[in-house]
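> I need the structure of the sequence given here:
(one chain, ligands or ions: 2)
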Amino acid sequence: MKIKIMEVGPRDGLQNEPTSLSLEQKKIFIDLLVKAGHSDLEIGAFVNPQKIPQMAGTLDLARSLTRSPPTNFWALVPNDRGYQDARSAGIKHIAVFTAASETFNQKNINTSIDGSFKRFETFMPAAKKEKIRVRGYVSTCFGCPYEGKVNPKTVLKVTERLLKLGVNEISIGDTIGVANPAQVRALTKQLLKLTGPKKLALHFHDTRGTALANVLTGLETGVQIFDSSAGGLGGCPYAPGAAGNLATEDLLYMLHEMGLKTGVNLGWQVEAAQYVQKCLGRILPSRYLQAALGQQSHCPPGN
Ligand code: HMG
Ligand code: MG
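Ligands and ions are numbered 1, 2, ... in the order given. This is a model prediction of the structure:
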């Protein structure tokens with residue numbers, strides 16, 4: 001079975017970092033991820049740079065990237081302004097984002113859940129006409145940093161509404177990394193009744209170390225798309241305390257060792273994660289990355 005990975009490192013991964021990568025550094029990072037063979041890569045976000053300074057320059061970045069047909073370049077779009085910017089940069093894969101918690105939505109995008117849909121409705125007809133692929137994120141599906149527990153019924157309602165809006169894929173976000181496998185099993189069973197496995201992705205942050213266990217549970221219930229980030233980078237400035245996304249290297253290692261195919265080369269993935277680790281000047285949380293780098297220092301090339 002082939003599992004689809006959405007590599008979110010250049011967007012979710014970098015959006016919470018205290019230092020911003022330069023345009024050139026982002027291009028090299030993305031180029032290495034393309035070399036790794038990713039079919040789907042989130043390169044940035046067309047959002048207010050005053051709120052997310054790390055995503056400033058997404059327009060120039062998107063314009064400067066060489067389009068490689070096997071890799072879809074995705075970008076976050078919150079409103080019509082973002083949609084127009086994405087289109088002017090030649091982006092054909094966009095992600096809209098809302099949440100299952102009103103407070104998180106207000107803090108993150110300055111509007112209610114209902115308000116976020118009103119914004120999406122301003123550009124969805126154009127997106128359909130222009131054959132743009134649209135992913136719909138639902139954040140805080142397992143817990144909210146402001147409201148605590150989230151009712152799974154709200155997640156199902158928001159998901160249904162996104163599907164009605166016409167998104168091609170839904171990504172269910174554990175924004176603050178609180179989900180456990182029992183919750184994941186119960187929720188994904190319900191979600192798969194609303195949409196098939198070709199349209200449902202799980203997006204885990206690994207704040208409490210449960211992300212791989214949650215992926216395994218997702219796999220067992222039939223999910224075939226998972227989001228992850230190079231080096232285990234990630235977080236959201238409006239989700240205090242949230243740590244990085246599940247590391248792509250750890251995810252690839254587990255899936256490949258289980259005999260599942262992803263189409264992503266783990267060696268090049270490590271190169272990409274190692275590069276971004278150097279740029280940021282700190283040790284990244286990916287376990288596989290650190291094990292691979294540790295082995296490299298003990299076994300120089302040729303040994
Ligand atoms: P707003 O304040 O409601 O919008 O922002 P506004 O229309 O009142 O405009 C305010 C200012 O923003 C104006 O600039 C606009 O031009 C500008 P000013 O006149 O003050 O200089 N503006 C924009 N600039 C660039 N691009 C745009 C844009 N729209 C307005 N598209 C908005 C609404 C959503 C834009 C704002 O709240 C924002 O940018 N929020 C950031 C949201 C974000 O990127 N969060 C992180 C990503 S979500 C996430 O991480 C979760 C996820 O990973 C899944 C998970 O883990 O759960 C996806
Ligand atoms: Mg996220």
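
> top helix in the chain by residue count?
helix 113-129 (DSSP state H).

> Distance from that helix to the middle of the chain?
Relative to its chain's centre, helix 113-129 lies at 20 Å (Cα atoms, centre = their mean, to the nearest Å).

> same thing with stretch 230-237?
Chain-centre distance of stretch 230-237: 9 Å, with Cα atoms, centre = their mean.

> quick one: the longest helix of the chain near ligand 1?
No: using Cβ under 6 Å from any ligand atom, helix 113-129 never reaches ligand 1; the gap is at least 7.8 Å. (Each C-beta comes from the backbone N, C-alpha and C, glycine too.)

> can you list contacts of the helix or strand hosting Ala186?
For Ala186, the element it lies in under DSSP states H and E is helix 181-194. With contacts defined as Cβ atoms under 8 Å, 6 or more residues apart in numbering, helix 181-194 is touched by 141-142, 152, 155-156, 159-160, 163, 170, 172, 200, 202, 210, 213-214, 216-218, 220-223.

> Name the residues of the stretch 51-200 of the chain found near ligand 1, please.
51-52, 76, 78-79, 81-82, 97, 108-110, 137, 139, 173, 175.

> elements contacting the longest helix of the chain?
Judged by 3 or more Cβ pairs under 8 Å, 6 or more residues apart in numbering; DSSP states H and E, helix 113-129 is in contact with helix 80-88, strand 93-99, helix 102-109, helix 152-165.

> deepest of these, which one?
strand 93-99 (a mean of 24; mean count of other Cβ atoms under 10 Å).

> tell me what it is packed against?
Strand 93-99 packs on strand 72-76, helix 102-109, helix 113-129, strand 133-139, helix 152-165, going by 3+ Cβ pairs under 8 Å, 6+ apart.

> buried set for stretch 167-186?
Buried residues in stretch 167-186, counting neighbours by 16 or more other Cβ atoms under 10 Å, are found at 167, 169-179, 181, 183-184.

> swap in stretch 259-278?
262, 264, 266, 268-277.

> Spatially nearest residue to Arg87 (excluding sequence neighbours)?
Spatial nearest neighbour of Arg87, chain neighbours left out: Glu130 (7.1 Å); criterion: Cβ to Cβ, 6 or more residues apart in numbering.

> Can you name the element that comes right after the helix holding Ala186?
Criterion used, DSSP H and E; the element after helix 181-194 is strand 200-204.

> Show me what that next one packs onto, helices and strands only.
Against strand 200-204 (3+ Cβ pairs under 8 Å, 6+ apart) you get strand 4-7, strand 169-174, helix 181-194, helix 211-221, strand 225-228.

> Let's see that with 6 Å instead.
strand 169-174, helix 211-221, strand 225-228 (3 or more Cβ pairs under 6 Å, 6 or more residues apart in numbering; DSSP states H and E).

> okay, the ones you listed in CSV with mean pLDDT next?
Shown next, in CSV, are these (pLDDT from 0 to 100):
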stretch, mean pLDDT
strand 169-174, 98
helix 211-221, 98
strand 225-228, 98
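
> Switch the ones you listed over to JSON lines; also include distance to Ile91.
Formatted as JSON lines, those follow (distance: least, Cβ to Cβ, whole Å):
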{"stretch": "strand 169-174", "distance to Ile91": "16"}
{"stretch": "helix 211-221", "distance to Ile91": "28"}
{"stretch": "strand 225-228", "distance to Ile91": "18"}
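
> three-state assignment of the residue in the stretch 201-303 of the chain that ligand 1 sits nearest to?
Closest to ligand 1 within the stretch 201-303 of the chain is Cys236: 3.7 Å, counting by Cβ to the nearest ligand atom. Using DSSP: H, G, I helix; E, B strand; the rest coil, the structure places Cys236 in coil.

> Right, I'll leave it there.
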